[in-house]
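**Q** The following block contains a protein sequence and its predicted model.
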Amino acid sequence: MTLLFIAIALLVTGYVVYGKFVERVFGINESRETPALELADGVDFIEMPMYKIFLIQFLNIAGLGPIYGAIAGALWGPQAFIWIVLGSIFAGGVHDYFSGMLSIRNGGSSIAEVVGKYLGGGAKQFMRLFSVVLLILVGTVFMTGPALLLGDLSFLSIGSYQVWLGIILVYYFLATILPVDKIIGKVYPIFGASLIIMAVGIAGMLLIKGYQLPPLTMENIHPGDLSVWPLLFITIACGAISGFHATQSPLMARCVGNERQGRKVFYGSMIAEGIIALVWAAAAMSFYYGTDGLAIASGAGGPGAVVYQVSTSLMGTVGGLLAMLGVIACPITSGDTAFRSARLVIADFTKTSQVETKKRLLVALPLFVVGFALSFIDFNIIWRYFAWSNQTLATVVLWASAVYLAQNQKLHWIATIPATFMTAVIVTYILQAPEGFQLSTSISYPVGIVAALLTFGWFIGKTWKYKGQVPLEQESV
């Protein structure tokens, strides 16, 4: 397990060193009033303690993502560690920090409005539609999945799938329209802490019981012989970089009381999520004594069964209960904030004040009508596009961050490099994926690289005019 703890140490070092560097490049202003104070409304703009904001942000962006994604990514063996570490520090952490801090600098705006400011009106309209559709999809799937699990539990005899779906739907509705500190502010810190405690317990038992990781090799050891490029970088999203995070960061950007909290809340949450992903990737590949055993276990019961078997075997009955709590509660805590984020995106777009309850209902009710209708549709085909859509959203946000930095005469490379890399990932993937154009790698690989280079060239051309000009933020002061 030495490799696991080296990887964790690298992530922590990345937070301390590179996170501080990113913060310095951005240029925080501790005396600048944040939206939580300037626009306080008792509903969405509410200052909360830093520890609460961190735990809420952590659970918002995590859920089951760094667990299920890491388990699937572990099929490539310890190579997954490289992507989790480098991705979290240089891509995901930067993405999450800027999606949160740019929201703060723009009055707590949703990510669609932020992207539109830096990439133009066309990007804004695209992001408005894209993010709302993505959020409704996430909210619906994370509503139906837990309902199915609860309906299948024999010791919970209070209802079927339909009954649990109704209960979860009611909870989602309340969490979406009530002030952020009433339900989310009270429940999320508890579940966020539980997710961390569970990972610490798993890591500790792996060490105590002497489980060993497969040796680190650059050879492809995936049992299905699936290529590392670009599949690994799509499979492990929430544990390295995820566009869904950008839809969640504005929720907490409206609750941050001082810009100095940004590194802890946004960059720090991404690093914490990376640690969760490392632990579960290590557990998956070591518990089954390699990737072949993991492939058999995953094929038999999916990642949920892997989580339950690993937890109960390593931590007994208590571990099993924690695992079940996580498998059921974590997607619920991602689903409710997905609907809440969708409400805020639409409210920002239509400029509808959310102070009055009736106006929140006006925006929220149609979302839940659509979500409820979609809950009766088989998402197996549509959901396959989510992983690619998720990384596409992250790529757009990175490019918007790069433009912001260039506009303000700051070191744009911290966003430009990961944005260029992710552009190559998403273009290559959609060209060769079964749900994409199904082209051969001889075509998808070079086209993906060329597309990334052309996008980089577009960025240089777009931002060249800012050289030597007064930074835009300075102009607005």
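**A** Good, I have the coordinates.

**Q** CA atoms for contacts and neighbours, from now on please.
**A** Will do.

**Q** any residues touching stretch 405-421, and which ones?
**A** Contact with stretch 405-421 is made by 22, 25-26, 90-91, 94-95, 395-396, 398-399, 401-403, 452-453, 455-456, 463, 466-467, 470-473, as judged by Cα atoms under 8 Å, 6 or more residues apart in numbering.

**Q** Buried residues, it. List them.
**A** Going by neighbour count (16 or more other Cα atoms under 10 Å), the buried part of stretch 405-421 is 405-410, 412, 414-421.

**Q** Give the rounded mean pLDDT of it.
**A** Average pLDDT, stretch 405-421: 96.

**Q** ditto for stretch 15-35
**A** Here the average pLDDT along stretch 15-35 is 97.

**Q** Point me to the helix or strand that includes Asp225.
**A** Using DSSP states H and E, Asp225 falls within no helix or strand.

**Q** And the pLDDT at it?
**A** With respect to pLDDT, Asp225 scores 90.

**Q** Same check on Leu156?
**A** 52.

**Q** can you give me the helices for the stretch 51-200 of the chain?
**A** 65-73, 79-87, 93-105, 111-119, 121-152, 161-177, 184-208 (DSSP state H, counting those that start in this stretch).

**Q** Output these as JSON lines; include the columns mean neighbour count, mean pLDDT and distance to Ser442.
**A** Formatted as JSON lines, the helices of the stretch 51-200 of the chain follow (neighbours: other Cα atoms under 10 Å; pLDDT from 0 to 100; distance: least, Cα to Cα, whole Å):
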{"stretch": "helix 65-73", "mean neighbour count": "27", "mean pLDDT": "89", "distance to Ser442": "24"}
{"stretch": "helix 79-87", "mean neighbour count": "23", "mean pLDDT": "97", "distance to Ser442": "23"}
{"stretch": "helix 93-105", "mean neighbour count": "28", "mean pLDDT": "98", "distance to Ser442": "30"}
{"stretch": "helix 111-119", "mean neighbour count": "23", "mean pLDDT": "94", "distance to Ser442": "32"}
{"stretch": "helix 121-152", "mean neighbour count": "20", "mean pLDDT": "83", "distance to Ser442": "30"}
{"stretch": "helix 161-177", "mean neighbour count": "18", "mean pLDDT": "87", "distance to Ser442": "46"}
{"stretch": "helix 184-208", "mean neighbour count": "17", "mean pLDDT": "87", "distance to Ser442": "40"}
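
**Q** Looking at these, spot the one closest to Phe266.
**A** Across the helices of the stretch 51-200 of the chain, the minimum distance to Phe266, taken as Cα to Cα, is reached by helix 93-105, at 4.9 Å.

**Q** before we move on, back to that, which of the buried residues of stretch 405-421 fall in strands?
**A** Among the buried residues of stretch 405-421, DSSP state E puts none in strands.

**Q** How many neighbouring residues does Val370 have?
**A** 13 (other Cα atoms under 10 Å).

**Q** Give me the secondary structure label for it.
**A** helix (DSSP: H, G, I helix; E, B strand; the rest coil).

**Q** Could I get the contacting residues of the nearest residue to it once chain neighbours are set aside?
**A** Ranked by Cα to Cα, 6 or more residues apart in numbering and with sequence neighbours excluded, the top spatial neighbour of Val370 is Ile136, at 8.0 Å. By Cα under 8 Å, 6+ apart, Ile136 lies in contact with 338-339, 342, 367, 370-371.

**Q** Would you tell me which of the helices of the stretch 51-200 of the chain gets closest to Tyr445?
**A** helix 79-87 (18.8 Å).

**Q** I am finished for the moment; much appreciated.
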